[in-house]
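> structure of the sequence below:
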Amino acid sequence: MDIDLDLYKVFVSVATNGSVSKASDELGVTQSAVSQSILKLEKIYGEELFVRSRQGVVLTNVGKELFDNVNFEIDSLEKVYQKIKNNSKKKNDVRIGASDTLTINFLLPVIKKHYPQIHFYVESLISDKEKIIDVENGKLDFAIINDYNLPLSNNLYKKKLLTLEYGFYYNDKILNLDENNIYEQTLIVKNAGTKGRVEFNKKFYEVAYKFKNTMEFSHDDIIIEATKLGLGVGFCPKEYVQGSLKQVKLSDEKILKDIVLIYQQKSEIIETIINEISK
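You can find the predicted model right below:
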């Protein structure tokens, strides 16, 4: 007989919570799916496993016997799974959370230097908050994020890697700009509503208002590429530009943004990346 462990996990959840609805919330499935799973188990054993009460549902004698055995076995299986999972992770595997922009500009040179001795896994399709959570629960070895002073638990540490300095840039090989015609161009900036755009508006609202048009993108690397194509004047970090674009000073105001590394325990590779990115 094939054993469906998911049925037993549902059974344990209902027994532990004493409620179909609470089990539904805990497992992230519908109450109907929970009820169907219990009905399938009852059909397998040919006995009722729960009876309804004013407080919710309670185990029958058969249900109690099943719970005493199944709960122990599932707990043991979970421990075995975690042990195998942890042991199967190669010592030279490194799991990193970082945005596409940070990966392109700072991580790829490090990866190139250490590949193939180290296998890198980079997760970029989650928010900075989710990256921090994944570092805390061990899914990621560390995360490289913008420092917006997000709350950290006591077992997490933060290390500053570098500071980005934003400015106005253009491709002088395509655009012939001076103080008389620069505002005839399109300003290329972060999307409205993003943290980067909010910071920009606080210091450069009057400057932005002078431009003929505005083009908005979600990431710095897209802004840089659009600027390289000569589509306008891009507002981006000089550390990303790396001499490929020419800076034009339109204000004495500055926007500085710290890039930090979030980790639980330092390792040799974490120290290496800190040193190589911070150069």
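> distance of the residue nearest to the spatial centre of the chain from Lys254?
For the chain, the residue nearest the mean C-alpha position is Ile126 (3.0 Å; C-alpha atoms, centre = their mean). As judged by C-beta to C-beta, to the nearest Å, Ile126 and Lys254 stand 30 Å apart. Bear in mind the C-beta positions are built from the backbone N, C-alpha and C, glycine included.
> tell me the confidence at the residue nearest to the centre of the chain?
In this prediction, Ile126 carries a pLDDT score of 87.
> pretty sure it sits against Val135.
No: between Ile126 and Val135 there is no contact under C-beta atoms under 8 Å: 11.3 Å.
> shared neighbours of these two, which are they?
Common contact partners of Ile126 and Val135 (C-beta atoms under 8 Å, 6 or more residues apart in numbering): Gly97.
> about what we covered before: A strand includes the residue nearest to the centre of the chain, no?
No: judged by DSSP: H, G, I helix; E, B strand; the rest coil, Ile126 forms no part of a strand; its state is coil.
> got phi/psi on it?
phi -140, psi 160 (degrees, to the nearest 10).
> point out where the stretch 51-200 of the chain drops to low pLDDT.
72, 74-75, 77-91 (pLDDT under 70).
> got the contact list for the residue nearest to the centre of the chain?
Per C-beta under 8 Å, 6+ apart, neighbours of Ile126: Gly97, Asp134.
> any idea how far it lies from His219?
15 Å.
> go on, Tyr121?
Applying C-beta to C-beta to Tyr121 and His219 gives a distance of 21 Å.
> can you check Lys40 too?
Applying C-beta to C-beta to Lys40 and His219 gives a distance of 48 Å.
> what about these two, which has more around it?
A count of neighbours by other C-beta atoms under 10 Å puts His219 above the other of Lys40 and His219, at 17 against 13.
> and the closest residue to that one other than its chain neighbours, how many neighbours does it have?
Spatial nearest neighbour of His219, chain neighbours left out: Thr101 (5.2 Å); criterion: C-beta to C-beta, 6 or more residues apart in numbering. Here the number of neighbours of Thr101 (other C-beta under 10 Å) works out to 20.
> next, give phi and psi for Thr101.
According to degrees, to the nearest 10, Thr101 has phi -60, psi -50.
> who are the contact partners of it?
Counting by C-beta under 8 Å, 6+ apart, Thr101 has contacts His219, Asp220, Asp221, Tyr240.
> try 10 Å this time
Going by C-beta atoms under 10 Å, 6 or more residues apart in numbering, Thr101 touches Ser124, Asn146, Ser218, His219, Asp220, Asp221, Ile222, Ile223, Ile224, Cys236, Pro237, Tyr240.
> quick check: end-to-end length of stretch 45-58?
17 Å (C-alpha to C-alpha, to the nearest Å).
> report the distance from that stretch to the chain centre.
Per C-alpha atoms, centre = their mean, to the nearest Å, the displacement of stretch 45-58 from the mean C-alpha position of its chain is 42 Å.
> neighbouring contacts of that stretch?
Counting by C-beta under 10 Å, 6+ apart, 11, 14-15, 17-23, 38-39, 41-42, 59-67 sit against stretch 45-58.
> go through those residues and flag which are in helices.
Of the positions in these, 11, 14-15, 17, 20-23, 38-39, 41-42, 61-67 sit in helices, assigned by DSSP state H.
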